[in-house]
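**Student:** curious how this folds, go ahead:
(one chain, ligands or ions: 2)
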Amino acid sequence: MEDRQGHRIAVIGGDGIGPEVTDAALAVVRAAGVHLATEAFDLGAARYLRDGFVLDDATLDALRGFDAIVLGAIGPAIGDTRIPGGVLERGLLLRLRFGLDLYINYRPFHGTAGSLAAGCDFAIVRENTEGPYAGEGGILRRGTSQEVATQGSVNTRFGVERCVRYAFERARQLARPRLTLVHKTNVLTFAGDLWSRVVAEVGAAYPDVAVDYNHVDAACIYLVEDPARYGIIVTDNLFGDILSDLAGAVAGGIGFAASANLNPERTGPSMFEPVHGAAHDIVGTGRANPLAAVASAGLMLEHLGEADAARRVLAAVADLQDRVLHGSTEQITQQLIARL
Ligand code: IPM
Ligand code: MN
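**Tutor:** Residues are numbered from 1 along each chain as shown. Ligands and ions are numbered 1, 2, ... in the order given. Next up, the predicted model:
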C-alpha cells in the first residue's frame, strides 16, 4: 500500500501519443483517489535520436526503486528509418522486461459491443522473458553466399513452470475456470513437449480448472470464430505477441488492449503499458484513445493492492468501451473520471 506521498511511480511516456495516454491514465488514477509520487524518465526514440541514449545499468537500477512503472509507447514514426530495428526493442523494452524479471505479460480482452468478440472476457498470459525473444543465436559469414542465421527459442523448465503456474492461478479465479495452452507441439516438438508436460504437471494441483490445448494456427481461427471458448490462454513469448494483436483486433481494436508486465514475486516493480504503439500520425491532434493506457493503469492498481480503485477504474473503462467513442483524449478522460 502507499506511504504518505503515495505509490512511487516511474513514468516512461515515450514517443508519439505515449505521453498523451500516460497523462490521461495518471489523471484517472488520481481522480480515483490514489496518491502517486511520479518521476518522469525520458526514454525512447526521441531521446535516442537526440543523444544516442537507450538505457544503461544506472537507469535500470534507478527504476528498481519504484513501486511500478507506467509506460506509454516506444518507437519512431512509421517510415522513419534512422533507428535500426532492435535498438529500442531489444535495448529498451526487452531490457526492461528481462532486467526487471517481468516474466508475465498479462493481456486481458473484453470484447466491446459490436466487435467479433462482443461479450467475451479472456486473457492471454504470455511468457515474457524467454522463447524466441531470448536473443539466442547469431549470424555467421554475414553478407556472404554462405550466410547462416539462427535464432533459437529458449524454454527453461523454470521459466515455463512459473508462467504456467501464474496462468493457473488466474484461471482458477474465473467464474468458469478454464485454461488453454496454445503452442505448436506437432512441429516444435521439443519446446512443445516441455510446455505440455508442465501444463499437465502444474494442472494436477488445479483440478477445478478445465484444461485444453490448441495449436497456434487453429487458435487464430477460434479467436475469430469462437472467442467465447477462451478463459485464460497461456503461451510462449512469440505466440503471445502475435495472438494478442489478433485478440485486440477481434475484441474491438488494439486501442483498447491493456497489458501488465508482471514480476509476481515483487522482487521489483512491474510495468504497465498499452499494447498499441506510438501512433505518430495523430500526435497532438487530441485523437489518441486513452482507454488502453487507463486500463493498464487499472491493472497497476490491482497489482499495488488498490483493489477498490482498480475496480472503479476498470469498470469505467469497460463502460466506455461499450459505447461509440467520440470526443478527444481529454473528453474521454473526463468521461472516465465522471464514471469513477
Ligand atoms: C508488444 C510489442 C513488443 C513485443 C515489441 C515492440 C518489442 O510488439 O509489446 O507486443 O514484441 O513484445
Ligand atoms: Mn506486439
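**Student:** now do the buried residues in stretch 299-312.
**Tutor:** For stretch 299-312, a neighbour-count test (16 or more other Cβ atoms under 10 Å) marks 299-304, 306, 309-310, 312 as buried. Placement of C-beta: from N, CA and C, glycine included.
**Student:** just stretch 134-144 next, same as before
**Tutor:** Buried, per 16+ other Cβ under 10 Å, within stretch 134-144: Ala134.
**Student:** quick revisit: out of the buried residues of stretch 299-312, who's near ligand 1?
**Tutor:** Among those, no residue is within reach of ligand 1 (Cβ under 6 Å from any ligand atom).
**Student:** just those residues now: which is nearest ligand 1?
**Tutor:** Checking these against ligand 1 with Cβ to the nearest ligand atom, the nearest one is Leu299 at 14.2 Å.
**Student:** now do the phi/psi pair for the spatially closest residue to Ile104 that is not a sequence neighbour.
**Tutor:** Of all residues not flanking Ile104 in the chain, Leu262 sits nearest, at 4.2 Å (Cβ to Cβ, 6 or more residues apart in numbering). Main-chain dihedrals, Leu262, degrees, to the nearest 10: phi -110, psi 140.
**Student:** what's around Leu262, how many residues?
**Tutor:** Leu262 has 22 neighbours, counted by other Cβ atoms under 10 Å.
**Student:** same thing with Asp208?
**Tutor:** 10.
**Student:** again, but for Gly114
**Tutor:** Neighbours of Gly114 (other Cβ under 10 Å): 9.
**Student:** can you classify it by secondary structure?
**Tutor:** Under the three-state scheme (DSSP: H, G, I helix; E, B strand; the rest coil), Gly114 adopts coil.
**Student:** among the buried residues of stretch 299-312, which are in strands?
**Tutor:** Among these, no member falls in strands (DSSP state E).
**Student:** which SS class is Ala288?
**Tutor:** Assigned with three-state DSSP, Ala288 falls in the coil class.
**Student:** contact partners for it?
**Tutor:** By Cβ atoms under 8 Å, 6 or more residues apart in numbering, the contact set of Ala288 is 17, 20-21, 279, 282, 329.
**Student:** surely Val160 meets Leu194?
**Tutor:** Yes: if you go by Cβ atoms under 8 Å, Val160 and Leu194 touch, sitting 5.8 Å apart.
**Student:** and the residue nearest the centre of the chain, what is it in contact with?
**Tutor:** In the chain, the C-alpha nearest the mean C-alpha coordinate belongs to Ser259, at 3.0 Å (Cα atoms, centre = their mean). By Cβ under 8 Å, 6+ apart, the residues touching Ser259 are 105-107, 244, 272-275, 296, 299.
**Student:** now flag whichever of the contacts of Ala288 is closest to ligand 1.
**Tutor:** Ala279 (13.5 Å).
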